[in-house]
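Trainee: I need the structure of the sequence given here:
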Amino acid sequence: MARQLDAVKVEIAVILGRSKLPMHQLLRMGRGAVIPLDTKDTDEVWILANDHPIAKGDIQIEGERMSVVVTRPANAQDFNVID
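Mentor: Residues are numbered from 1 along each chain as shown. Model prediction:
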């Protein structure tokens, strides 16, 4: 059974926030450009598995390390809402 689980590939992604930019503004951005996000540093982040929302979490920073603590299951319908 363990060998079968080793063969399963899951990509985990964390979304810190979203931003809407006109294409011409995006194309003018250079290296080191800052894109403002629609979130505060205290907001929960989305945790995705293979591009599907599975949980929400909090960012924790300890020295040079950053981690995500899972706080609750995700509501996929909320994820798809774009203002």
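
Trainee: residue 27 and residue 12, how far apart?
Mentor: Here the criterion is Cβ to Cβ, to the nearest Å. By it, residue 27 lies 30 Å from residue 12. Yep, even glycine has a C-beta here, placed from its N, CA and C like the rest.

Trainee: can you list the strands that the strand ranked longest in the chain pairs with?
Mentor: Determined from DSSP state E, the single longest strand within the chain is strand 52-62. Sheet pairing of strand 52-62 (DSSP bridges) gives strand 45-49 (antiparallel), strand 65-73 (antiparallel).

Trainee: still on that earlier bit, residue 27 and residue 12: who's more crowded?
Mentor: Counted by other Cβ atoms under 10 Å, residue 27 and residue 12 do not tie: residue 12 has more neighbours, with 11 against 8.

Trainee: hmm, residue 48 and the more buried one touching each other?
Mentor: Yes - with contact defined as Cβ atoms under 8 Å, residue 12 counts as touching residue 48 (7.0 Å).

Trainee: with adjacent residues omitted, what lies nearest to the residue positioned nearest the centre of the chain?
Mentor: Of all residues in the chain, the one closest to the mean position by Cα atoms, centre = their mean is residue 15, 1.4 Å from it. Distance criterion Cβ to Cβ, 6 or more residues apart in numbering; nearest residue to residue 15, sequence neighbours excluded, is residue 46 at 4.2 Å.

Trainee: beta-bridge partners for residue 57, please?
Mentor: The partner list for residue 57 in beta bridges (DSSP bridges) reads residue 45, residue 70.

Trainee: show me the residues around it that make contact.
Mentor: Remark: with contacts taken as Cβ atoms under 8 Å, 6 or more residues apart in numbering, residue 57 is in contact with 14, 44, 45, 47, 68, 69, 70, 71.

Trainee: winner for burial among the strands paired with strand 52-62?
Mentor: Mean neighbour count (mean count of other Cβ atoms under 10 Å) peaks for strand 45-49 among these, with a mean of 17.
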